[in-house]
Structures are given as C-alpha cells and as structure tokens.
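Engineer: With the sequence up front, the predicted model follows.
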Amino acid sequence: MNIGIVGKQFELTDSIKGYVENALDTLTKYNLDIISARAIISADEKQGKKGFDVEFAINLARKDTIVIKQKDKDLYAAIDLAIERAGKVLRRAHDKMTTHKNLDVQKEEATLGKFVTTEEGSDEIVPTELELYKPLEIDEALARLKESGAQFYVFNDMDAKMRVIYKRNDGKYGLY
C-alpha cells in the first residue's frame, strides 16, 4: 500500500507521520486490495478557535475511492476518529464481499464470464479448460487427434510434460 501524507498550513513532524502510517496500516486487516492511501492534515483557525481537519482518501482495487473527513480540536483525536470511520467502511465492504449471497453471485459471474463478447467483424475468443486426466503416449494422442478432426491436441506425456501434437500443412504431424 502506498501511503502519502500531506500537511497544510502547519509542519508535519516525524511523530505525526509515524502515527498516521501506523493508523493506516491497521486498515490492512480487512484483506481488501488497498492500492494507496492519502492523508491530508490541515490546521484550521476560525473565529479564534484552533482545530485540525483530517482527510483520508483510500483507493481500493475494483471499488470506488473512499474519502473520510474529520474535524477536531486535537490532531490525534481527529486521526483516531477518521481511522475508526474508515475501519467501519472497510469492514462493511469486506462483509459484503464475504457473505454467502455474494459468493453465489461470484460463482455465477465466473460461469457467465467464460464467453468473451467482441465487436462485430473481429475474432471471438472463448476460453476453455483442458481435460487432462491422465498421461498419454504420443501414439494415443495422435490417434485422438485423428479421430477428433481438430488441428491440434494438447496432452501430458508419460514424463508429465505438457505436449502439443498438431497437423501440418503438408499432411504430416508435428510435436512440441
């Protein structure tokens, strides 16, 4: 996770940077793909009252960016409150991903995703899984290729190497 810490209208000390980094590291416990986190800490003085604004922008893979803003008189209290709120949001996102309802949807998407739709006039790619049950002799693989009428046949040989036998343009057969 990339962490960026910016201080506006006051100087960041090493202790503040370390505190924010440790606080952001606690968010990794939710097992979400956190790409980066950016903390913007600014001093604010309105009507003679001093305070701090803390903003966290957390970028997740395959999700929208989560932005948490928190204001408080004490800097460390503002950081703690913002981290607590970010933890709640990430926990909810994690719970949504791990519920039994979502797992059923993911399985459905995996089966539906086997077909790749393309624009008209271009080649269509349809990924399929190989049926590699047992190792074959080269002669057996050649016989299967001939009976299937396909251009090539992929198999595991007796040495557990993945091999490809194919029909050449001159009518002979090649072997990788």
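Structural biologist: Received the coordinates, thanks.
Engineer: wait, residue 164 sits on residue 153?
Structural biologist: Yes: Residue 164 is in contact with residue 153 according to CB atoms under 8 Å; the separation is 7.2 Å. For every residue, glycine as well, the C-beta is placed using N, CA and C.
Engineer: More neighbours: which of the two?
Structural biologist: Remark: of residue 164 and residue 153, residue 153 carries more neighbours, 20 against 13, as counted by other CB atoms under 10 Å.
Engineer: Distance from the chain centre to whichever strand or helix holds the more buried one, please.
Structural biologist: Element membership for residue 153, per DSSP states H and E: strand 152-156. Strand 152-156 sits 32 Å away from the centroid of its parent chain (CA atoms, centre = their mean, to the nearest Å).
Engineer: which helices and strands does it pack with?
Structural biologist: On a contact count with 3 or more CB pairs under 8 Å, 6 or more residues apart in numbering; DSSP states H and E, strand 152-156 meets helix 138-148, strand 162-167.
Engineer: so which of these gets nearest residue 34?
Structural biologist: The closest of these to residue 34 is strand 162-167. By CB to CB, the value is 36.7 Å.
Engineer: buried residues in that closest one?
Structural biologist: Residues 163, 165, 167 are the ones in strand 162-167 that count as buried (16 or more other CB atoms under 10 Å).
Engineer: what angle sits between it and strand 152-156?
Structural biologist: Taking axes from the mean of the first three to the mean of the last three CA atoms, to 10 degrees, one finds that strand 162-167 is oriented at 160 degrees with respect to strand 152-156.
Engineer: which residues sit against strand 162-167?
Structural biologist: Applying CB atoms under 8 Å, 6 or more residues apart in numbering, the contact partners of strand 162-167 are 132, 138, 141-142, 145, 151-157, 173-176.
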